[in-house]
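[1] have a look at this prediction, sequence included:
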Amino acid sequence: MLEKGLKPDKFAFPVALKSCAGLSELQKGKVIHQHFVCCGCSNDLSVDAALVDMYTKCKDIEAARLMFDKTAVRNLVSCTYMISGYAHNGYNSETLGFFNLMRSLSVKLNRVSILSVLLACGNLGALRKGEWFHNYVIQTGCESHILVATTIMDVYSKCGGLHLAGILFDETAAIDLVCWSAISGYMEACTKDGYDEP
(Lines give C-alpha, C1' and ligand atoms only; values in the text may rest on other atoms or scores of the structure.)
Protein backbone atom coordinates (compact mmCIF):
# COMPACT_ATOMS: atom_id res chain seq x y z
CA MET A 1 0.00 0.00 0.00
CA LEU A 2 2.77 2.43 0.98
CA GLU A 3 4.87 1.36 -2.02
CA LYS A 4 2.04 2.50 -4.30
CA GLY A 5 1.89 5.86 -2.60
CA LEU A 6 -1.42 5.15 -0.86
CA LYS A 7 -1.90 6.49 2.64
CA PRO A 8 -3.42 3.91 5.01
CA ASP A 9 -6.43 4.98 7.02
CA LYS A 10 -7.92 3.90 10.34
CA PHE A 11 -9.61 0.94 8.63
CA ALA A 12 -6.40 -0.48 7.16
CA PHE A 13 -4.40 -0.43 10.41
CA PRO A 14 -6.47 -2.98 12.39
CA VAL A 15 -6.31 -5.45 9.49
CA ALA A 16 -2.54 -5.11 9.19
CA LEU A 17 -2.10 -5.38 12.96
CA LYS A 18 -4.26 -8.50 13.09
CA SER A 19 -1.99 -10.09 10.49
CA CYS A 20 1.08 -9.21 12.56
CA ALA A 21 -0.58 -10.65 15.68
CA GLY A 22 -1.48 -13.88 13.90
CA LEU A 23 2.07 -14.30 12.60
CA SER A 24 3.76 -13.06 15.81
CA GLU A 25 5.55 -10.39 13.77
CA LEU A 26 6.42 -7.94 16.52
CA GLN A 27 8.87 -5.83 14.50
CA LYS A 28 6.43 -5.37 11.61
CA GLY A 29 3.73 -4.54 14.15
CA LYS A 30 5.95 -1.84 15.66
CA VAL A 31 6.54 -0.35 12.19
CA ILE A 32 2.78 -0.26 11.59
CA HIS A 33 2.33 1.35 15.00
CA GLN A 34 4.79 4.09 13.96
CA HIS A 35 2.92 4.66 10.68
CA PHE A 36 -0.29 4.89 12.66
CA VAL A 37 1.19 7.63 14.87
CA CYS A 38 2.66 9.49 11.87
CA CYS A 39 -0.69 9.42 10.02
CA GLY A 40 -2.35 11.21 12.90
CA CYS A 41 -4.84 8.42 13.60
CA SER A 42 -4.14 8.41 17.34
CA ASN A 43 -7.00 7.78 19.74
CA ASP A 44 -8.99 5.58 17.39
CA LEU A 45 -10.64 2.89 19.53
CA SER A 46 -10.42 0.07 16.99
CA VAL A 47 -6.76 0.75 16.18
CA ASP A 48 -5.85 1.14 19.85
CA ALA A 49 -7.50 -2.21 20.65
CA ALA A 50 -5.76 -3.85 17.68
CA LEU A 51 -2.42 -2.55 18.97
CA VAL A 52 -3.07 -4.03 22.44
CA ASP A 53 -3.99 -7.33 20.81
CA MET A 54 -0.94 -7.34 18.54
CA TYR A 55 1.46 -6.62 21.39
CA THR A 56 -0.04 -9.32 23.65
CA LYS A 57 -0.01 -11.95 20.91
CA CYS A 58 3.60 -11.04 20.11
CA LYS A 59 4.38 -11.50 23.83
CA ASP A 60 5.35 -7.88 24.48
CA ILE A 61 3.10 -7.48 27.51
CA GLU A 62 4.76 -4.29 28.74
CA ALA A 63 4.14 -2.53 25.40
CA ALA A 64 0.56 -3.84 25.40
CA ARG A 65 -0.08 -2.41 28.85
CA LEU A 66 1.50 0.94 27.91
CA MET A 67 -0.78 1.07 24.87
CA PHE A 68 -3.80 0.09 26.96
CA ASP A 69 -3.02 2.80 29.52
CA LYS A 70 -2.82 5.40 26.72
CA THR A 71 -6.21 4.53 25.24
CA ALA A 72 -8.81 7.25 25.61
CA VAL A 73 -11.63 4.78 26.31
CA ARG A 74 -11.12 1.45 28.03
CA ASN A 75 -13.90 -0.72 26.69
CA LEU A 76 -14.70 -4.43 26.69
CA VAL A 77 -12.64 -5.11 23.55
CA SER A 78 -9.38 -3.56 24.76
CA CYS A 79 -9.87 -4.96 28.27
CA THR A 80 -10.48 -8.45 26.89
CA TYR A 81 -7.32 -8.30 24.77
CA MET A 82 -5.30 -7.17 27.78
CA ILE A 83 -6.60 -9.69 30.34
CA SER A 84 -6.35 -12.53 27.83
CA GLY A 85 -2.81 -11.45 26.97
CA TYR A 86 -1.83 -11.49 30.61
CA ALA A 87 -3.33 -14.95 31.18
CA HIS A 88 -1.94 -16.61 28.06
CA ASN A 89 1.55 -15.24 28.65
CA GLY A 90 1.74 -16.54 32.22
CA TYR A 91 1.15 -13.23 34.03
CA ASN A 92 -1.23 -14.85 36.49
CA SER A 93 -1.15 -12.31 39.32
CA GLU A 94 -1.47 -9.49 36.79
CA THR A 95 -4.52 -11.24 35.31
CA LEU A 96 -6.25 -11.20 38.69
CA GLY A 97 -5.24 -7.58 39.26
CA PHE A 98 -6.58 -6.63 35.84
CA PHE A 99 -9.88 -8.34 36.67
CA ASN A 100 -10.19 -5.95 39.62
CA LEU A 101 -9.42 -3.02 37.32
CA MET A 102 -12.16 -4.13 34.92
CA ARG A 103 -14.63 -4.27 37.79
CA SER A 104 -13.60 -0.78 38.94
CA LEU A 105 -14.15 0.47 35.37
CA SER A 106 -17.59 -1.23 35.35
CA VAL A 107 -16.56 -3.30 32.32
CA LYS A 108 -18.66 -6.45 32.25
CA LEU A 109 -16.63 -9.60 31.67
CA ASN A 110 -17.29 -11.78 28.65
CA ARG A 111 -16.46 -15.49 28.33
CA VAL A 112 -12.89 -14.83 27.17
CA SER A 113 -12.25 -12.64 30.22
CA ILE A 114 -13.83 -15.20 32.53
CA LEU A 115 -11.74 -18.01 31.07
CA SER A 116 -8.60 -15.87 31.46
CA VAL A 117 -9.23 -15.30 35.17
CA LEU A 118 -9.99 -18.99 35.70
CA LEU A 119 -6.77 -19.96 33.91
CA ALA A 120 -4.82 -17.66 36.24
CA CYS A 121 -6.51 -19.08 39.36
CA GLY A 122 -5.65 -22.61 38.27
CA ASN A 123 -2.05 -21.73 37.44
CA LEU A 124 -1.60 -20.04 40.81
CA GLY A 125 -3.23 -22.92 42.69
CA ALA A 126 -5.54 -20.32 44.25
CA LEU A 127 -8.45 -22.45 45.47
CA ARG A 128 -10.17 -19.74 47.53
CA LYS A 129 -9.92 -17.20 44.69
CA GLY A 130 -11.23 -19.88 42.33
CA GLU A 131 -14.21 -20.52 44.62
CA TRP A 132 -14.91 -16.79 44.92
CA PHE A 133 -14.67 -16.36 41.17
CA HIS A 134 -16.92 -19.40 40.60
CA ASN A 135 -19.60 -17.60 42.67
CA TYR A 136 -19.01 -14.47 40.58
CA VAL A 137 -19.48 -16.51 37.38
CA ILE A 138 -22.77 -17.91 38.74
CA GLN A 139 -23.98 -14.33 39.30
CA THR A 140 -23.14 -13.43 35.69
CA GLY A 141 -25.05 -16.45 34.38
CA CYS A 142 -22.09 -17.82 32.41
CA GLU A 143 -21.60 -21.00 34.45
CA SER A 144 -23.83 -23.03 32.15
CA HIS A 145 -21.49 -22.54 29.19
CA ILE A 146 -19.71 -25.88 28.83
CA LEU A 147 -16.23 -24.40 28.36
CA VAL A 148 -16.60 -22.21 31.46
CA ALA A 149 -17.92 -25.13 33.53
CA THR A 150 -15.07 -27.35 32.35
CA THR A 151 -12.48 -24.68 33.16
CA ILE A 152 -13.92 -24.26 36.67
CA MET A 153 -13.61 -28.04 37.13
CA ASP A 154 -10.02 -27.80 35.95
CA VAL A 155 -9.30 -25.00 38.45
CA TYR A 156 -10.74 -27.02 41.34
CA SER A 157 -8.82 -30.10 40.27
CA LYS A 158 -5.51 -28.23 39.98
CA CYS A 159 -6.02 -26.50 43.33
CA GLY A 160 -6.78 -29.63 45.35
CA GLY A 161 -10.55 -29.17 45.36
CA LEU A 162 -11.33 -32.43 43.61
CA HIS A 163 -14.57 -32.91 45.53
CA LEU A 164 -15.75 -29.48 44.28
CA ALA A 165 -14.81 -30.46 40.73
CA GLY A 166 -16.80 -33.67 41.17
CA ILE A 167 -19.86 -31.80 42.42
CA LEU A 168 -19.73 -29.42 39.46
CA PHE A 169 -19.18 -32.35 37.11
CA ASP A 170 -22.31 -34.04 38.45
CA GLU A 171 -24.31 -30.80 38.07
CA THR A 172 -23.16 -30.05 34.52
CA ALA A 173 -25.98 -30.76 32.09
CA ALA A 174 -23.98 -31.22 28.89
CA ILE A 175 -21.04 -33.48 29.72
CA ASP A 176 -18.67 -33.81 26.80
CA LEU A 177 -15.26 -35.34 26.15
CA VAL A 178 -13.47 -32.21 27.40
CA CYS A 179 -15.31 -32.41 30.76
CA TRP A 180 -14.38 -36.06 31.14
CA SER A 181 -10.77 -35.28 30.29
CA ALA A 182 -10.63 -32.37 32.75
CA ILE A 183 -11.66 -34.47 35.69
CA SER A 184 -10.46 -37.99 34.83
CA GLY A 185 -6.78 -37.05 34.56
CA TYR A 186 -6.82 -35.53 38.03
CA MET A 187 -8.79 -38.42 39.51
CA GLU A 188 -6.23 -40.84 38.10
CA ALA A 189 -3.33 -38.80 39.49
CA CYS A 190 -4.97 -38.59 42.91
CA THR A 191 -5.60 -42.34 42.96
CA LYS A 192 -1.94 -43.06 42.13
CA ASP A 193 -0.78 -40.67 44.88
CA GLY A 194 -3.13 -42.19 47.43
CA TYR A 195 -5.03 -38.92 47.73
CA ASP A 196 -8.51 -39.35 49.13
CA GLU A 197 -10.35 -36.09 49.65
CA PRO A 198 -13.59 -36.24 51.67
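    Great, that's in hand.

[2] where does the residue most central in space within the chain sit, in terms of helix or strand?
    For the chain, the residue sitting closest to the mean C-alpha position, by CA atoms, centre = their mean, is Ser84 at 2.1 Å. In the assignment (DSSP states H and E), Ser84 maps to helix 76-88.

[3] show me what contacts Leu17?
    By CB atoms under 8 Å, 6 or more residues apart in numbering, the contact list for Leu17 reads 29, 32-33, 47, 50-51, 53-54. C-beta here means a position set from N, CA and C on the backbone, and glycine is covered the same way.

[4] what's the local residue count around Phe169?
    Per other CB atoms under 10 Å, the neighbour tally for Phe169 reads 22.

[5] and the helix or strand hosting it, how far from the chain's centre?
    In this structure, Phe169 sits in helix 162-171 according to DSSP H and E. Helix 162-171 sits 24 Å away from the centroid of its parent chain (CA atoms, centre = their mean, to the nearest Å).

[6] next one: stretch 32-41
    For stretch 32-41 - counting by CA atoms, centre = their mean - the centre lies 27 Å from the chain centre.

[7] give me the mean pLDDT for that stretch.
    Along stretch 32-41, the predicted local confidence has a mean pLDDT of 78.

[8] now swap in stretch 170-187 and tell me
    For stretch 170-187, the mean pLDDT works out to 62.

[9] contact partners of the host helix or strand of Cys121?
    Mapping Cys121 onto the secondary structure by DSSP H and E places it in helix 111-124. The list of residues contacting helix 111-124 from outside it, by CB under 8 Å, 6+ apart, reads 79-80, 83-84, 86-88, 90, 92-93, 95-96, 99, 102, 109, 126, 129-130, 133, 137, 140, 142, 145, 147-148, 151-152, 154-155, 158-159.

[10] my guess is Ser78 meets Asp69, correct?
    No - the pair formed by Ser78 and Asp69 falls short of the contact definition of CB atoms under 8 Å, at 10.4 Å.

[11] so which of these two has more stuff around it?
    Shown here are Ser78 and Asp69; by other CB under 10 Å, Ser78 has more neighbours (23 against 10).
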